[in-house]
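Colleague: Any chance you could fold what I've pasted below:
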Amino acid sequence: MLREIQKLFLGDAPGWYKSTIIGFLIFNPILLFILNIFMPENAGFIVGWILLLQFIFTLAMALKCYPLQPGGLLAIEGLLLGLTSAAHVYEEIQGNLKVILLLVFMVAGIYFMKNLMLTIFTKLLLSVRSKTLLSLLFCASAAILSAFLDALTVTAVLIAVMIGFYRIYHAVISGNNFTNQDHNFKDNSQINTLNEYELENFKGFLRDLVMHGAVGTALGGVCTTVGEPQNLLIASKAGWDFMEFFIQMAPITMPILFSGLIMCVLIEKFSIAGFGNQLPTNVRDIFNDYSNYRKDNITINDKAELLIESIVLVFLVFALAFSIAAVGLIGLSVMVFLTAFKGITNEHQLGEAFHEALPFTALLGVFFAIVAVIADQELFVPIFEYVFDQPEDMRPIMFYIANGFLSAVSDNVFVATVYINGLVEKIPVVNEEFNNLAIAINVGTNIPSIATPNGQAAFLFLLTSAVAPLINLSYLRMVYMALPYTIVLSIVGYIAISIHL
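Modeller: I've put the predicted structure just below:
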């Protein structure tokens, strides 16, 4: 019986991974017990940091085992060890309800718009033959959309498009046709050796596009109040409206934006960090055939659905741009409109739309438990105090560095919350230094955080999405591919802050 339980634990994860997680779970209480005897004042702080690093390990191994289970066990252990409380975890989830609603409803809404998205991006793929230009378009469009919508919504669109591309190609080379919607695109058993080499090239091509797009969400997201959740918090504390926030941030964010777009071109031209994968000729032919098939076989019903999706897309853009409601509620209305007018009323069909987002939403709940540990054990407080004790002229750049580092290892929204609230307690809001430090906090939590998937919710969503294993996009590969962007954009941010603040 015990052997069967061991085999069932974490399913198909490698044996060494299972042993590592069990080791973590045994090690933490023993360490806390020992530290409570010899270093009681620092016991929770030390074990809290260890728990955070262990959780990051589960994210890094996301392709070996979905992080919800091992990360959830670590979070539950944190609760049992008294590193945080269930009430505090609930408070963290309440405080991030807008993000949770966004994931649950907006991603589901985008799911019912996939035909239009696939049509638009297939035409773009076939119209632009230059991979460099195509990458630049993905990066720039993601940046623009993220500035006026939000990064998670844009990432959901990117994921839906990439899965659509992959499904079309995989169905064809597996001997199916474009109309087979139930094709299992995770099964590679029917693919011969020649097609397998082509498939790997195609996966690399999709990886490049989705990573350029993901970085684009950060480039645009830092510029406006609606781009990232922490931007609105910082703006509300500083008393800035949409335009004032944009103007205050522009001397820093505009150089970063243009540097990012230039980096996109250079990375593709010189095939840096695994980029530069070209679309195989045979794959382009498949998509061309798909486009012609759609054109030749489109029915009145298909046209009606595309028209409905187009109208709802216009509504979505305007609703998000003018913030008529919380993003999640807008997503819910999008889902209602699309399913009502497209005649999708079967519960099973509706359930399919939630498959992508709900596992990640559960993972986010676990993540908030880790965030509660960070808060209760004050893991970041010593760094904040150290930075604030620096000379006044050094504080903006030190805040930028500290926020960038902490955002990369934890979560940029939480880091921004801790630092902006700490700032309000230390400095009067109507103060030039407050404005300078608020700018540094915003840039620090948005740009260096692209270094790791856990730094930004959009990156973590991409890592744990259905498309990541299909295109071999692991945690370490994401870190590696983001590295050129991370280095250059962080340096540009450093220089811009040094000059302007």
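Colleague: And the contacts of the helix-or-strand element of the chain with minimal mean pLDDT?
Modeller: For the chain, the helix or strand with the lowest mean confidence is helix 2-8, at a mean of 77 (criterion: mean pLDDT, DSSP states H and E). For helix 2-8, the external contacting residues (Cβ atoms under 8 Å, 6 or more residues apart in numbering) are K18. All C-beta atoms are positioned from the backbone trio N, CA, C, and that covers glycine.
Colleague: Give me the buried positions along that helix.
Modeller: Of the residues in helix 2-8, none has enough neighbours to count as buried (16 or more other Cβ atoms under 10 Å).
Colleague: how close does the nearest residue to E433 once chain neighbours are set aside get to K237?
Modeller: Spatial nearest neighbour of E433, excluding adjacent residues (Cβ to Cβ, 6 or more residues apart in numbering): I427 at 5.9 Å. Taking Cβ to Cβ, to the nearest Å as the measure, I427 and K237 are separated by 11 Å.
Colleague: Then Q69?
Modeller: With distances defined as Cβ to Cβ, the gap from Q69 to K237 amounts to 37 Å.
Colleague: just V424 next, same as before
Modeller: Counting by Cβ to Cβ, the separation of V424 from K237 is 6 Å.
Colleague: For these two, work out which one has more neighbours and name it.
Modeller: Remark: of V424 and K237, K237 carries more neighbours, 18 against 14, as counted by other Cβ atoms under 10 Å.
Colleague: So for the more buried one, what pLDDT did the model give?
Modeller: pLDDT for K237: 83.
Colleague: can you pull the contacts of the spatially closest residue to it that is not a sequence neighbour?
Modeller: The shortest distance from K237 to any non-neighbouring residue, by Cβ to Cβ, 6+ apart, is to I420 (5.1 Å). Neighbouring residues of I420 by Cβ under 8 Å, 6+ apart: 230, 233-234, 237, 438, 441.
Colleague: Strands of the stretch 301-450 of the chain, start to end?
Modeller: Counting by DSSP state E, counting those that start in this stretch, the stretch 301-450 of the chain has no strands at all.
Colleague: quick one: low-confidence parts of it?
Modeller: In the predicted model of the stretch 301-450 of the chain, residues 430 satisfy pLDDT under 70.
Colleague: one more time with 50
Modeller: Low-confidence regions of the stretch 301-450 of the chain, defined here as pLDDT under 50, do not occur.
Colleague: So which residues of the stretch 201-350 of the chain form helices?
Modeller: If DSSP state H, counting those that start in this stretch is used as the criterion, the helices of the stretch 201-350 of the chain fall at 229-238, 242-269, 281-297, 300-321, 327-341, 347-352.
Colleague: mind checking how far E305 is from I401?
Modeller: Computed with Cβ to Cβ, the distance linking E305 and I401 is 50 Å.
Colleague: do the same with T224
Modeller: Using Cβ to Cβ, T224 is found at 24 Å from I401.
Colleague: Check I110 too.
Modeller: When Cβ to Cβ is the yardstick, I110 and I401 sit 36 Å from each other.
Colleague: which of those two has more neighbours?
Modeller: With neighbours defined as other Cβ under 10 Å, I110 and I401 compare such that I110 has more, 28 against 19.
Colleague: Could you tell me how many residues sit around the closest residue in space to R284 that isn't next to it in sequence?
Modeller: Spatially, and ignoring its direct neighbours in sequence, R284 is nearest to L126 (7.2 Å; Cβ to Cβ, 6+ apart). L126 has 14 neighbouring residues, counting by other Cβ under 10 Å.
Colleague: before we move on, what SS does L79 have?
Modeller: Three-state secondary structure (criterion: DSSP: H, G, I helix; E, B strand; the rest coil) places L79 in helix.
Colleague: Looks like it contacts S85 (just checking).
Modeller: Yes - proximity of L79 to S85 meets the contact threshold set by Cβ atoms under 8 Å, at 7.1 Å.
Colleague: Comparing the two, which residue is more hemmed in?
Modeller: Applying other Cβ under 10 Å to L79 and S85 shows that L79 carries more neighbours, namely 16 against 12.
Colleague: residues in contact with that one?
Modeller: Neighbour list for L79: 85-86, 89, 369 [criterion: Cβ under 8 Å, 6+ apart].
Colleague: now the nearest residue to V283 once chain neighbours are set aside: how far from T155?
Modeller: Counting by Cβ to Cβ, 6+ apart, the nearest residue to V283 once its immediate chain neighbours are dropped is F202, at 5.1 Å. Relative to T155, F202 is positioned 21 Å away (criterion: Cβ to Cβ).
Colleague: Which one's more surrounded, those two?
Modeller: Neighbours per residue, other Cβ under 10 Å: of F202 and T155, the larger number sits with T155, 27 against 24.
Colleague: Right, I'll call it a day here.
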